[in-house]
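**Q** how would this look folded up:
(2 chains)
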Amino acid sequence: MVVGAVCAALGLGAGIAVSRTASPTPSGDALRAGAVAAPAAPSQTIVVGPATARLGEDDKAALRALIREELGAERAAAAARADAAPSTSADPAQQWQLSPEGLQAFDRARSRVDDGLARGAWTEDDRAELRASLAGLPTEARAELVRPLINAVNEGKVHFAGHGPLF
Amino acid sequence: MRVSAIKVAAVGLGLATCLAAPVAIAGYVYSLPVTVYSGSSGEFWGTFSGARYSSDDNQQIGCYVTYSTGSPYTYCWADNAADTYASCGTTDPNVAALLGRLNDSAYLYVAYNSSGCTEIEVGNSSIYIH
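**A** Numbers count the residues shown, from 1 in each chain, chains lettered A, B, ... in the order given. As a prediction, this is how the structure comes out:
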């Protein structure tokens, strides 16, 4: 009886040990790492899984630094894009709920401003056309459209060959 | 004789009143030219009458406000004697309310940056009326 119980206990212990070793790794990362590292036999996958979970402190620190660096670079790039072209970062039709006619007016206005910026000059004819296009657009859309023109004239990049307001 | 003396005195008083009148209604006048410091940020100021009655044909200063869907949009601009131009806009409704004070006696000061007008000051005084 005693020998049988000892044998049973040993058998149970061995079974647990085997099942722990042979069970699939619980981590998705480990599974992906195994798949990428080597499409090998199941026994090798068993080895790769636990190995991934046992990153050294140096590796962990390096990984954290890499992630921080990538996130920081992405945030900086997003900020630069927002500064450079705020009007093109969103769909104006959705942003200001423009009707098809409103969207056409918005595009005409933006095209007129872009043309003036490219020429480095703004005339009273430009003003008249821009005014006509701005009429009926929501205030925020107007402000968004004219800001690049105002800034360019203030900075001397565009010369206003006229009198009175720019638009 | 007495009547004649009274008439002479009345005529004299009338003449004196007429001659003195222009001096009495003049008051102190301060002619302020339009000043513009332009750039990515800057400021401009001046009086409406100073710009209007300046000796050159460049000086001007003003604002307008438009209402559309959403908030009002206020736009201010100025051009000095040397034809240096600056302008800015804002959607702040408090600024739009200030524009009601712009008239012949108005003084206008505006500061701005690349985001728009950052400060607008309107003053009124008899000294700015030409």
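
**Q** What count of nearby residues applies to residue 125?
**A** You didn't pick a chain, so chain A it is. Neighbour count of residue A:125, defined by other C-beta atoms under 10 Å in any protein chain shown: 11. Using the backbone N, CA and C atoms, a C-beta is placed for each residue, glycine as well.

**Q** meant chain B actually
**A** 12.

**Q** wait, does stretch A:154-167 contact chain B?
**A** Yes - using C-beta under 8 Å from any C-beta of the partner chain, stretch A:154-167 reaches chain B at A:154-156, A:160, A:163-167.

**Q** Any figure for the gap between the residue most central in space within chain B and chain A?
**A** Of all residues in chain B, the one closest to the mean position by C-alpha atoms, centre = their mean is residue B:48, 2.7 Å from it. If you measure residue B:48 against chain A using C-beta to the nearest C-beta, to the nearest Å, the figure is 14 Å.

**Q** out of everything not next to it in sequence, what's closest to that residue?
**A** Closest residue in space to residue B:48, ignoring its immediate chain neighbours: residue B:106 at 5.2 Å, by C-beta to C-beta, 6 or more residues apart in numbering or on different chains.

**Q** now residue B:126
**A** Nearest to residue B:126 is residue B:27, by C-beta to C-beta, 6+ apart, at 5.9 Å.

**Q** count of neighbours near the one you found?
**A** 9.

**Q** which residues of chain A fall in strands?
**A** A:121-123, A:159-161 (DSSP state E).

**Q** Low-confidence bits of the chain, can you list those?
**A** Going with chain A. For chain A, the stretches with pLDDT under 70 are A:1-54, A:72-89.

**Q** should've been chain B
**A** The model of chain B has pLDDT under 70 over residues B:1-25.

**Q** Around chain A, which positions in it sit nearby?
**A** B:38-40, B:42, B:58, B:60, B:62, B:64, B:66-73, B:75, B:77, B:79, B:85-89, B:91, B:112, B:114-116.

**Q** now with 6 Å?
**A** Residues of chain B lying close to chain A by C-beta under 6 Å from any C-beta of the partner chain are B:38, B:40, B:68-71, B:73, B:75, B:77, B:85-87, B:89, B:91, B:114.

**Q** which among those end up buried?
**A** Among these, those buried by neighbour count (16 or more other C-beta atoms under 10 Å in any protein chain shown) are B:38, B:68, B:71, B:73, B:75, B:77, B:85-87, B:89, B:91.

**Q** Pretty sure residue A:123 sits against residue A:161.
**A** Yes - contact criterion C-beta atoms under 6 Å: residue A:123 and residue A:161 qualify, at 5.3 Å.

**Q** got the residues of chain A near chain B?
**A** Applying C-beta under 6 Å from any C-beta, one finds that chain A approaches chain B through A:138-140, A:142-143, A:150-151, A:154-155, A:160, A:165-166.

**Q** Of those - the most surrounded one?
**A** Counting by other C-beta under 10 Å, top hit in these: residue A:142 with 27 neighbours.

**Q** Spatially, which residue comes closest to that one, not counting chain neighbours?
**A** residue A:134 (5.1 Å).

**Q** what's the neighbour count on the residue nearest to residue B:48?
**A** Close neighbours of residue B:106, defined as other C-beta under 10 Å, add up to 21.

**Q** residue boundaries of the helices in chain B?
**A** Assigned by DSSP state H, the helices in chain B fall at B:2-26, B:48-52, B:93-98.

**Q** ok, and for the last one, which residues are buried?
**A** Of the residues in helix B:93-98, those buried by neighbour count under the rule 16+ other C-beta under 10 Å are B:95-96, B:98.

**Q** Kindly format the C-alpha coordinates of that helix as CSV.
**A** C-alpha atoms of helix B:93-98 as CSV (Å, rounded to 0.1, in the frame of the first residue of the first chain):
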residue,chain,number,x,y,z
PRO,B,93,-17.0,87.5,-29.1
ASN,B,94,-15.8,90.0,-26.4
VAL,B,95,-13.6,91.6,-29.0
ALA,B,96,-16.5,92.0,-31.4
ALA,B,97,-18.4,93.9,-28.8
LEU,B,98,-15.6,96.4,-28.5
